[in-house]
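Enquirer: next one to model:
(one chain, ligands or ions: 3)
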Amino acid sequence: MKPISLTRYLIQEQHAGRINADLRLLIEVVARACKTISIAVGKGALGGVLGDAGTPGAQSMNIQGEAQKKLDVLSNDILLEANAWGGHLAGLASEEMDHSQPIPDAFQRGNYLLLFDPLDGSSNIDVNISVGTIFSVLRCPDGVTQPGDEHFLQPGTAQVAAGYTTYGPSTMLVLTVGHGTHAFTLDREIGSFVMTARDIRIPEETKEFAINMSNQRHWEPPMQRYVGDLLAGKEGPRGKDFNMRWVASMVADVHRILTRGGVFFYPIDAKCRDKGGKLRLMYEANPMSFIVEQAGGAASTGRQRMLEVTPTGLHQRVPVMLGSRKEVEEAVRYHAEHGA
Ligand SMILES: O=P(O)(O)OC[C@H]1O[C@](O)(COP(=O)(O)O)[C@@H](O)[C@@H]1O
Ligand SMILES: [Mg+2]
Ligand SMILES: [Mg+2]
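Expert: Ligands and ions are numbered 1, 2, ... in the order given. Okay, here's the model as predicted:
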């Protein structure tokens, strides 16, 4: 069968009554913005887009206190410009912006809220390793015309769509509208995303894990014990050898897991305990958890299903474990046994 384009897939979903025209057009706008980001990322040093934002000695920082890269700022601007005129949106929020932005009165407002991590894996930009964009779509609560930060604080179960793009050897868009997870590859000559994997299923079991091992000594006891048992391999309690991978771009690590299975962890540790974790609930953990669950995987904080966490802040951070269902359950069991 001839592969179908993203546009055709979305029209089919609309005809099947699974999305409406507004959500279809919103996803198309985000996908188009991601193509523009992909072009900027692809130019690399030739486009003058590498390196830090700001000036030497006055580096630009985001709300999270993290140094911004030029591409963080550029990608944010591209997504803002594509979406900020409204149409299908009531407001948007970004990892790189202090507060959400309602669509101004002068423009036509829609019923959706868009959240994004414009460029994920920033530390990899300058070394030419895959980075990506992550996004999440929520409904604007009924009767709200000027959404504020508080209207974005909905649990992950309320998401109506989520996706990510990965700017790697090829540019891919992985998307769910709540009916399976599908992958599209950008055909650079034609300029459109073409479906290359329908209904992705993450293997339930795995022998591969992803974690930043340099934080090991800072982890909590259940995580120490769990990873210790993975490392013990065949001779240990798990009775099998595990392989390890860590790209340090969540999009790339999650993409590998969607492709061949595995588990991804960014646990809480002594360095990030006061912040609640490293990764952001609204821009990273929730959209990725929706995508992973729709592919048959699982996602948890270690103590709770990720998608059921009640958000308390736009930039809230959480511990993250997601991927092959049985392995996530195993890690959660270690936490439960510890009485966490
Ligand atoms: O450098 P570390 O501590 O291993 O963290 C890597 C993690 O941080 C992130 O880069 C955070 O995302 P941003 O680049 O959007 O801030 C994740 O993509 C990745 O999984
Ligand atoms: Mg990120
Ligand atoms: Mg980012």
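Enquirer: for the rest of this, base every contact and every neighbour count on C-alpha atoms.
Expert: Will do.
Enquirer: and the helices in the stretch 51-200 of the chain?
Expert: For the stretch 51-200 of the chain, applying DSSP state H, counting those that start in this stretch gives helices covering 70-83, 149-152.
Enquirer: state the pLDDT value of the nearest residue to Gly148 once chain neighbours are set aside.
Expert: Nearest non-adjacent residue to Gly148, counting by CA to CA, 6 or more residues apart in numbering: Ser100, 6.5 Å away. Listed pLDDT for Ser100 reads 96.
Enquirer: what does this protein put close to ligand 3?
Expert: Residues of the chain that fall close to ligand 3, judged by CA under 5 Å from the ion: 117, 119-120.
Enquirer: tell me the contacts of Val160?
Expert: Counting by CA atoms under 8 Å, 6 or more residues apart in numbering, Val160 makes contact with 136-139, 177-178.
Enquirer: now, the most widely separated pair of those residues?
Expert: Within the contacts of Val160, Arg139 and Gly178 form the most distant pair, 13.7 Å apart (CA to CA).
Enquirer: picking that back up, relative to Ile190, which of the residues of the chain next to ligand 3 is nearest.
Expert: Checking the residues of the chain next to ligand 3 against Ile190 by CA to CA gives Leu119 as the nearest, at 24.1 Å.
Enquirer: was I right about that closest one contacting Ser130?
Expert: No - contact criterion CA atoms under 8 Å: Leu119 and Ser130 do not qualify, at 10.5 Å.
Enquirer: what about the two, which has more around it?
Expert: Shown here are Leu119 and Ser130; by other CA atoms under 10 Å, Leu119 has more neighbours (28 against 24).
Enquirer: need the contact list for the more buried one.
Expert: 71-72, 75-76, 131-134.
Enquirer: near ligand 1, which residues of the stretch 101-250 of the chain show up?
Expert: With CA under 6 Å from any ligand atom as the criterion, the stretch 101-250 of the chain meets ligand 1 at residues 117, 119-122, 212, 248-250.
Enquirer: quick one: the closest residue to Gln159 other than its chain neighbours and Ser122, what's the gap?
Expert: The shortest distance from Gln159 to any non-neighbouring residue, by CA to CA, 6+ apart, is to Leu138 (4.8 Å). For Leu138, the distance to Ser122 equals 25 Å [CA to CA, to the nearest Å].
Enquirer: for Gly261, same thing?
Expert: The gap separating Gly261 from Ser122 is 24 Å, by CA to CA.
Enquirer: list the helices and strands the longest helix along the chain packs on?
Expert: Longest helix in the chain, counting residues (DSSP state H): helix 21-43. Counting contacts by 3 or more CA pairs under 8 Å, 6 or more residues apart in numbering; DSSP states H and E, helix 21-43 packs against helix 6-15, helix 70-83, strand 161-167.
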